[in-house]
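Engineer: sharing a sequence plus its predicted fold:
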Amino acid sequence: MSRASYWRGWQGMSPAARLLIINGLAFNLGFYMMMPFLAQHMGSGLGLAGWACGLVMGMRVFSQQGLFLLGGTLGDRIGYHTAIVWGCLVRSLGFVLLGWAESLPILLLAAALTGFAGALFTPCAQAYLASECSTPSQRQRAFALHNLASQAGMLLGPLVGLTLTQQSYALTGLLAASLFALLGMLQYRVLPKRLVNNQTPHGAILSQWRDILRQRPFMRFTLLAGSYQILFHQLYLALPAHIQSLPDATHLLGGVFTLSAVIGVLLQLPASRLVERHLGVPLAMGLGIGLMGLSYLALPLLAPWPTVGVLAQVALLSLGSILCFPLFAAQLPRDAPPDQLASYYGFYASAGGCMALFGNLL
């Protein structure tokens, strides 16, 4: 499929689907304006001890990764529209507090609000986007475009944030919060106020979660997708720790995230066309995971040139990611009931986060 075909596909999408794709850019723009600079703000700006900074960062990660399933389940019950709007507003409040807070308790509250907001709107936005696509191929293209938009936000966010934080971290928080407040109002106006298929899951929440665990095809899919999470999250966990031992670590770390985002922006659509024309979904998933696994050979093979090794690993990791990551999100609805789609996306995200944490402990 050509770039023009993707553009025609974009034009043929519903207004709700187009907004949900644009959300990928806007959400990451607001998020990465603040979060890459939070640890430095707490340590250098507020004078917090290292353990306190780690506690705040851990609270944000836990309240998002650990609560994706709860957020998705709530979305299935109250409606994707309502969950997404409230998620935007809660994150807006969290960012205001992050920029303003000077004490550890307020920072922990802000981190929890920021994380829970992501746990609320992320699985619901994915479920809403999937439900707006009438065919698997359209769903595949929609999630490819969403990943491209997300990578663009990841690229632009730190650049904007770097400029703003030189003035004031509180100002950065206020502007990021304003962006999410505007997004919340936009979702309220544009997204239809309905549940997918006008259905609501019945029964107790814990009973529903047990039923998810009994879905063997979905659990096999989640385990496969979890291997992606284990491999990719080392970009944010183990690799930065390795880079700290290298010369000019600060610039190299910034270059790593920039390279990953640039590859996503420039090559996502060519990679998706390659999948549609030649590879097919199963082969592309396997090839993507394989490239990500092979990327970990770059550091030992290029040990005499450590900087080259790091950049080679990031390039292979990112290439593998753009091949398979949109496919996982697009294929999940095959194994999920339509009225529980956000719950299944939430379980998938929480399980992936837990597997990534386990992989890091190894």
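Structural biologist: Perfect, I can see it now. Given the structure is predicted, the values throughout are model-derived calculations rather than measurements. Residues are numbered from 1 along each chain as shown.

Engineer: residues contacting A119?
Structural biologist: S63, Q64, Q65, G66, L67, F68, L70, G71, G346 (CB atoms under 8 Å, 6 or more residues apart in numbering). Just so you know, the C-beta spots here come from the backbone N, C-alpha and C atoms, and that holds for glycine as well.

Engineer: after the host helix or strand of it comes which helix or strand?
Structural biologist: A119 is part of helix 104-131, with elements assigned from DSSP states H and E. Moving toward the C-terminus from helix 104-131, the next helix or strand (DSSP H and E) is helix 136-165.

Engineer: where does this protein dip in pLDDT?
Structural biologist: Along the chain, segments meeting pLDDT under 70 span 1-10, 194-203, 236-238, 241, 248-250, 357, 359-362.

Engineer: most remote residue from it's center?
Structural biologist: The C-alpha centroid of the chain is most remote from P304, which lies 33.8 Å away (CA atoms, centre = their mean).

Engineer: ok, it to A271 distance?
Structural biologist: With distances taken as CB to CB, to the nearest Å, P304 is found 31 Å from A271.

Engineer: kindly report the same for Y228.
Structural biologist: Counting by CB to CB, the separation of Y228 from A271 is 15 Å.

Engineer: I'd say L148 and L269 touch.
Structural biologist: Yes: between L148 and L269 there is a contact under CB atoms under 8 Å: 6.5 Å.

Engineer: which one's more surrounded, the two?
Structural biologist: L148 (24 against 19; other CB atoms under 10 Å).

Engineer: the residue nearest to the more buried one when sequence neighbours are not counted: neighbour count?
Structural biologist: Excluding its sequence neighbours, the residue lying closest to L148 (CB to CB, 6 or more residues apart in numbering) is Q268, at 4.2 Å. Counted by other CB under 10 Å, the residues lying close to Q268 total 24.

Engineer: now for whichever strand or helix holds Q268, which elements pack on it?
Structural biologist: According to DSSP H and E, Q268 maps onto helix 249-274. If you count contacts as 3 or more CB pairs under 8 Å, 6 or more residues apart in numbering; DSSP states H and E, helix 249-274 packs onto helix 3-12, helix 136-165, helix 238-243, helix 306-331.

Engineer: quick check: which of those is nearest to L224?
Structural biologist: Closest approach to L224 among those (CB to CB): helix 306-331, 8.1 Å.

Engineer: starting at the chain centroid, how far to the helix or strand just after the closest one?
Structural biologist: Next along the chain after helix 306-331, taking DSSP H and E as the criterion, comes helix 341-361. Per CA atoms, centre = their mean, to the nearest Å, the displacement of helix 341-361 from the mean C-alpha position of its chain is 12 Å.
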